[in-house]
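A.B. asks: Structure for this input, please:
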Amino acid sequence: MNKLIILACLGLAVSAPVFAGAQQDKMKGCNQEAKSDALKGDARKAFMSKCLKKDYVLKNAAAPAADVAQAAPAKQQDKMKNCNADAASKALKGEERKAFMSSCLKG
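C.D. replies: This next block holds a predicted model:
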């Protein structure tokens, strides 16, 4: 029984940061929207309450943070593949390859 409780607590501890991150992103978006609409006092409280609900869609929701985070590594991976292919086609080895890869990945 104690092991089950410990496992449940451990599961919550691991998943909590994921939920907290999404909630923080939503809070930031709601704050930005409230600022852009120049809401103050009770109007701001009412808006924030409505905005933080699950079904509310932010006006300025361009690309979710997760999509942006995945796009950058994919771009870097493509660059790495191309540079590796170029280095292989030129049969570069050792320091020559290292220098080529460095300059290729920078530019």
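A.B. asks: hey, where'd the helices end up in the chain?
C.D. replies: 2-36, 41-51, 65-89, 94-106 (DSSP state H).
A.B. asks: Give me the contacts around the last one.
C.D. replies: By CB atoms under 8 Å, 6 or more residues apart in numbering, the surrounding residues in contact with helix 94-106 are 79-80, 82-84, 86-87, 90, 92. (Glycine included, C-beta is placed from N, CA and C.)
A.B. asks: in this structure, which helix or strand is least confident?
C.D. replies: In the chain, no helix or strand scores lower on mean pLDDT, DSSP states H and E than helix 2-36, which sits at a mean of 68.
A.B. asks: re earlier: any of the contacts of helix 94-106 buried? List them.
C.D. replies: For the contacts of helix 94-106, a burial check counting by 16 or more other CB atoms under 10 Å picks out 83, 87.
A.B. asks: want to throw the contacts of helix 94-106 into TSV with distance to C30?
C.D. replies: Converted to TSV, the contacts of helix 94-106 look like this (distance: CB to CB, whole Å):
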residue	distance to C30
K79	36
M80	38
N82	41
C83	42
N84	44
D86	47
A87	48
K90	53
L92	52
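A.B. asks: Need the residues that contact stretch 82-91.
C.D. replies: By CB under 8 Å, 6+ apart, stretch 82-91 touches 97, 100-101, 104-105.
A.B. asks: Can you tell me which of these is nearest G29?
C.D. replies: Set against G29, the nearest of the contacts of stretch 82-91 by CB to CB is L105 (33.9 Å).
A.B. asks: OK, contacts around L52?
C.D. replies: So L52 contacts 26-27, 30 (CB under 8 Å, 6+ apart).
A.B. asks: distance of it from K81?
C.D. replies: Using CB to CB, to the nearest Å, L52 is found at 42 Å from K81.
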